[in-house]
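S.K.: Predicted model and sequence follow; I will ask about them next.
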Amino acid sequence: MQDDLILETISVTKNFFGDKSTGVNNITIFVPKGKITAIVGESGSGKTTLLNLLFGTLQPDHGEVFFKEERVLSREHGIQHAHKVMRMVTQNGVDMNPKSSVWETVRDGMPPEDRSHEIKLVTEALNMLNIYPLRDYPFGKLSGGEKQRVTIAKALISRPQVLLLDEPFNQVDAYYREALQHDIRQIVREWKTTVVLVSHDPAEILSMADELIVIKEGEIVEHGPPDKLYHSPKLLYTSQILASSSMLTSTQAKVCGIKSKRSIVVVYAEHVKIATIGKKWLIKMILFKGFFEELIIDNNDVTLRVMNYNRGKYKVGGKVSIKITRYFEFGKWEN
């Protein structure tokens, strides 16, 4: 394994009940050291299975998992060095005692040999996740976002080399989500911790990840830097996973003024601009998105999504002209 890599899988397969449509199939990935790697895919695509294989919770049916030069076996075979330097954080926190204080909960993540430094290490972990004022609160009385911060602090107090996060922001409201993402990025920078996270939310992974792995039906279909995959997706699946978009047939694309050479066209909402002249599109719906709106527009049964930053200017039932600045083509080549 290269020095800049920390986790690796070689042709790993793990199915359930003998069904190849479950779990993951023949997956090879390389996780860079000191970076945030995100695994993204639709529900049931195998994301969590892959995370559990990396952590040693599951044993692959075929293939191997490595931490540096050490082969990672299932924890049922005994605790290895690799297991000791990795921590997993799930979204449900089922292993937490709701009656324990935040301080006690985080302290319980310490290795026995570090207990003499409890005050220093627990204080440091609580401050890193900005939850020191909650130190005396029972875990069960916290909000979802606060619980997730405590859970991550407990995992980090042992200074793991790898932190695995399964849908870490699912129960975190918007106000705390961005701050928690910032804290995790800060931890990666300061502690050189490697983070592998699973998410279905493109906003999370695009803002956090250094490397992105796209998984579909148990197989890796694309990987690379998030900006590259977002701006130049090779697959239709990737474009739909990462962006708010409209999928059109080549015939529907002609209504938009697009002469496609392939059978499927994808247009991101951000690439549809309101124009002063041109064919009129009916505004069927307006979706409030905070600092912008998403207009759902229609022309001859062709529907597009339009990102509009001039909130309140347009009304449902009104009409607009548009200009499409960019699009992606997928599928069969047209004659």
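M.R.: Nice, thanks for sending it over.

S.K.: Would you map the strands across the stretch 1-150 of the chain?
M.R.: Secondary structure of the stretch 1-150 of the chain by DSSP state E, counting those that start in this stretch: the strands cover 5-16, 19-32, 36-40, 62-67, 70-71, 86-89.

S.K.: buried residues in the fourth one?
M.R.: Which is strand 62-67. Across strand 62-67, burial judged by 16 or more other C-beta atoms under 10 Å covers 63, 65-67. Just so you know, the C-beta spots here come from the backbone N, C-alpha and C atoms, and that holds for glycine as well.

S.K.: repeat for the longest one
M.R.: Neighbour-count burial for strand 19-32, with 16+ other C-beta under 10 Å as criterion, is recorded at 22-25, 27, 29-31.

S.K.: for the residue lying farthest from the centre of the chain, what are its contacts?
M.R.: Here the chain reaches farthest from its C-alpha mean at I277, the gap being 39.4 Å by C-alpha atoms, centre = their mean. Counting by C-beta atoms under 8 Å, 6 or more residues apart in numbering, I277 touches S321.

S.K.: So what does it have for phi and psi?
M.R.: Dihedral pair for I277: phi -130, psi 160, per degrees, to the nearest 10.

S.K.: What separation do you get for it and I322?
M.R.: 10 Å (C-beta to C-beta, to the nearest Å).

S.K.: again, but for V85
M.R.: Taken as C-beta to C-beta, the span from V85 to I322 is 53 Å.

S.K.: Of the two, give the one with the bigger neighbour count.
M.R.: I322 (21 against 17; other C-beta atoms under 10 Å).

S.K.: Am I right that that one falls within a strand?
M.R.: Yes: under DSSP: H, G, I helix; E, B strand; the rest coil, I322 sits within a strand.

S.K.: Can you tell me the element M307 falls in?
M.R.: Secondary structure from DSSP states H and E places M307 in strand 302-308.

S.K.: so how far is that strand off the chain centroid?
M.R.: 25 Å (C-alpha atoms, centre = their mean, to the nearest Å).

S.K.: Please put the alpha-carbon coordinates of that strand into CSV.
M.R.: Extracted in CSV, the C-alpha atoms of strand 302-308 (Å, rounded to 0.1, in the frame of the first residue of the first chain):
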residue,chain,number,x,y,z
VAL,A,302,-41.6,19.0,-21.0
THR,A,303,-40.7,19.9,-17.4
LEU,A,304,-37.6,21.8,-16.3
ARG,A,305,-36.3,23.0,-12.9
VAL,A,306,-35.0,26.5,-12.8
MET,A,307,-32.9,28.0,-10.0
ASN,A,308,-34.1,31.5,-9.3
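
S.K.: Provide the strand pairings for that strand, with the direction of each partner.
M.R.: strand 293-299 (antiparallel) (DSSP bridges).
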